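Student: What follows is a predicted protein model with its sequence.
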Amino acid sequence: MSSADGPLVVGVDSSTQSTKVLVVDAATGAVVASGQAPHTVSAGPGRESDPEVWWTALCEALRQCGDAARRASAVSVGGQQHGLVTLDAHGRPVRPALLWNDVRSAPQARRLVDELGGPKVWAERVGSVPGASFTVAKWAWLTEHEPAAVRATAAVRLPHDYLTQRLTGDGTTDRGDVSGTGWWASATESYDADILARVGLDPALLPRVVRPGEVAGTVHGSGAELPFSKGTLVAAGTGDNAAAALGLGLRPGTPVLSLGTSGTVYAVSRRRPADPTGTVAGFADARGDWLPLACTLNCTQAVDRLAALLGLDREAVEPGGGITLLPYLDGERTPDLPHASGLLHGLRHDTTGGQLLQAAYDGAVHALLGALDLVLDTDADLSVPLLLIGGGARGGAWQRTVRRLSGRAVQVPEARELVALGAAAQAAGLLTGEDPAAVARRWGTARGPVLEPVERDAATLARISGVLSDAAPLLDRGPR
């Protein structure tokens, strides 16, 4: 931690598993204090979390920041995308939030795609073809399975919206996060009345969409829970991937591969994306541009789970073996196989545990790189290094696998907690009037070593693609 030269701002990362808070010097980007507190997520077929737990975690993480948080002039919240938060007339959660990785809404997503006229119509109108992750599918699931909860709902929010509302007292969201709901039309940048009517959602229950650079509100109370002074500025906040893009100061055309519990690949674009295959989600970013993105459900957690089953360190990989492992342990989003389980092909008598583990890395990275060409604009400069971020980015096995399968130079930013840094840059932009991405570039958040490209392993990519194609009917059916 360091002392501050300028005003202090707070950036929040409320993820699936925990809330992290950074207090940052708006002048230099130096982190002067930090805190973290865990969340609780349900097990079983659904993935749910009590929004009150997020608020408790935020208050605890802020408490750990001490006096630095009390001196902050502005705050912004980056949060996990897609989650469905239902609030009653008093602003209390009606039920636990349905999280992005809850795949129970897959049948509703497929039905909605058909009812509106197919994937092409959704892509052109909304920017994305909704899958089980999207909030619109979760709301449709809730109306079918828990009509009493729907009747009790007086407000519908996303996870970052909920925390921002607890800070300001007002219901707001931003274009980056709302673009992942499925009921915000990217073509008009407004709520889609027809889609809302199809799922029986009153638009009066939805938050106001705050424009980039606009103040969402001010902290409406203080006391034992919060360290902020009443009147502290609150930025719009955004979804976690849009916040990380801000945290990197991302320019159009630079690809990002994020290795976390889930994996994502994205890039900023000046062109509104509309992929009818559904591989790429046509999200908006938090600045006014676009953030085409592909996401997998199984990334570092799938590899770590296999390492644990084998009793190996996660770095104990070995080359060779010709094995293919599709690590779809929790169903998959890219490719769209919500009921799939993991699949192993090519096991031999002399196969080693290290080769099995390498196959898990290969399968996870293959799914992300398969979407990279669709994420990038056709005129993108392929010599630009691929930015590698997330919890796995500093792992040697992850770095080698990404380089070998992509054939690209890879840069690993030294800055960590990019979602919280992006939220902090958004808060700083309120004070300085700057573009938040320009703030992050001034802070130098993307600086880091560049790993030179190696020859692309086209044979492994083709083998994995072949197994995936042949096994598609089995994977789509899922385990019995």
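Tutor: Alright, I've got the coordinates. Residues are numbered from 1 along each chain as shown.

Student: Sketch out the low-pLDDT regions of this structure for me.
Tutor: Applying pLDDT under 70 to the chain flags residues 1-4, 222-224, 478-480.

Student: ok, 50 please
Tutor: Along the chain, segments meeting pLDDT under 50 span 1.

Student: What does residue 353 show for phi and psi?
Tutor: Residue 353 adopts backbone torsions of phi -60, psi -40, taken as degrees, to the nearest 10.

Student: go on, residue 210?
Tutor: The phi/psi pair for residue 210 (degrees, to the nearest 10) is phi -80, psi 140.

Student: what sits against it?
Tutor: 172-174, 216, 236 (Cβ atoms under 8 Å, 6 or more residues apart in numbering). No exception for glycine: its C-beta is placed from N, CA and C like everyone else's.

Student: can you redo the residues you listed as a markdown table with distance to residue 417?
Tutor: Listed next are these as a markdown table, based on distance: Cβ to Cβ, whole Å:
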| residue | distance to residue 417 |
| --- | --- |
| 172 | 24 |
| 173 | 23 |
| 174 | 20 |
| 216 | 22 |
| 236 | 20 |
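
Student: Now render those as a markdown table, adding neighbour count and distance to residue 364.
Tutor: Shown next, in a markdown table, are the contacts of residue 210 (neighbours: other Cβ atoms under 10 Å; distance: Cβ to Cβ, whole Å):
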| residue | neighbour count | distance to residue 364 |
| --- | --- | --- |
| 172 | 22 | 36 |
| 173 | 26 | 31 |
| 174 | 30 | 30 |
| 216 | 26 | 36 |
| 236 | 29 | 33 |
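
Student: Of these, which is the nearest to residue 121?
Tutor: In terms of Cβ to Cβ, no member of these lies closer to residue 121 than residue 173, at 24.2 Å.

Student: can you confirm that closest one is in a strand?
Tutor: Yes: according to DSSP: H, G, I helix; E, B strand; the rest coil, residue 173 belongs to a strand.

Student: got a list of what it touches?
Tutor: 157-158, 160-161, 164, 206-210, 236.

Student: From those, list just the buried residues.
Tutor: Among those, those classed as buried by 16 or more other Cβ atoms under 10 Å are 157-158, 160-161, 164, 206-207, 209-210, 236.

Student: residues near residue 251, how many?
Tutor: 14 (other Cβ atoms under 10 Å).

Student: ignore the last one, residue 365
Tutor: Per other Cβ under 10 Å, the neighbour tally for residue 365 reads 28.

Student: Pretty sure residue 403 is one of the things it touches, is it not?
Tutor: No: the criterion here is Cβ atoms under 8 Å, and residue 365 misses it with residue 403 at 9.9 Å.

Student: from the buried ones among the contacts of residue 173, which ones fall inside helices?
Tutor: Residues of these located in helices (DSSP state H): 160-161, 164.

Student: where along the stretch 1-150 of the chain do the helices fall?
Tutor: 51-64, 67-70, 106-115, 119-126, 135-145, 147-151 (DSSP state H, counting those that start in this stretch).

Student: can you dump the C-alpha coordinates of the second one into PDB?
Tutor: Extracted in PDB, the C-alpha atoms of helix 67-70 (Å, rounded to 0.1, in the frame of the first residue of the first chain):
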ATOM      1  CA  ASP A  67      -9.500   5.400   7.100                       C
ATOM      2  CA  ALA A  68      -8.700   5.300   3.400                       C
ATOM      3  CA  ALA A  69     -12.300   4.300   2.500                       C
ATOM      4  CA  ARG A  70     -13.600   7.100   4.800                       C
END
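
Student: So which bits of it are buried?
Tutor: So for helix 67-70, counting by 16+ other Cβ under 10 Å, buried means 68-70.

Student: Spatially, which residue comes closest to residue 73, not counting chain neighbours?
Tutor: Nearest non-adjacent residue to residue 73, counting by Cβ to Cβ, 6 or more residues apart in numbering: residue 7, 4.6 Å away.

Student: Flag every buried residue along stretch 110-128.
Tutor: 110, 112-113, 116, 119, 122-128.

Student: same check, this time on stretch 136-153
Tutor: Buried, per 16+ other Cβ under 10 Å, within stretch 136-153: 136-143, 150, 153.

Student: Can you show me the strands along the stretch 351-480 of the chain?
Tutor: Per DSSP state E, counting those that start in this stretch, the stretch 351-480 of the chain has strands spanning 386-389, 410-411, 450-451. These are given in chain order.

Student: right, and these - which one's nearest residue 201?
Tutor: Nearest to residue 201 among these is strand 386-389 (34.1 Å), distances taken as Cβ to Cβ.

Student: so how far is the closest one from its chain's centroid?
Tutor: On the basis of Cα atoms, centre = their mean, to the nearest Å, strand 386-389 sits 15 Å off its chain's mean C-alpha point.

Student: outside of that strand, which residues touch it?
Tutor: Contacts of strand 386-389 (Cβ under 8 Å, 6+ apart): 244, 248, 250, 254-259, 398-399, 402, 406, 408-413, 418, 446.

Student: quick one on the thing from earlier: nearest to residue 357, of the helices of the stretch 1-150 of the chain?
Tutor: Minimum separation from residue 357 across those (Cβ to Cβ) falls at helix 106-115, 29.3 Å.

Student: can I get the CA coordinates of the closest one in PDB?
Tutor: Extracted C-alpha coordinates of helix 106-115, given in PDB (Å, rounded to 0.1, in the frame of the first residue of the first chain):
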ATOM      1  CA  ALA A 106     -31.800 -23.400 -20.800                       C
ATOM      2  CA  PRO A 107     -35.200 -24.700 -22.000                       C
ATOM      3  CA  GLN A 108     -36.700 -21.200 -21.600                       C
ATOM      4  CA  ALA A 109     -33.800 -19.600 -23.500                       C
ATOM      5  CA  ARG A 110     -34.300 -22.000 -26.400                       C
ATOM      6  CA  ARG A 111     -38.100 -21.400 -26.400                       C
ATOM      7  CA  LEU A 112     -37.600 -17.600 -26.400                       C
ATOM      8  CA  VAL A 113     -35.200 -17.700 -29.300                       C
ATOM      9  CA  ASP A 114     -37.800 -19.700 -31.400                       C
ATOM     10  CA  GLU A 115     -40.700 -17.500 -30.300                       C
END
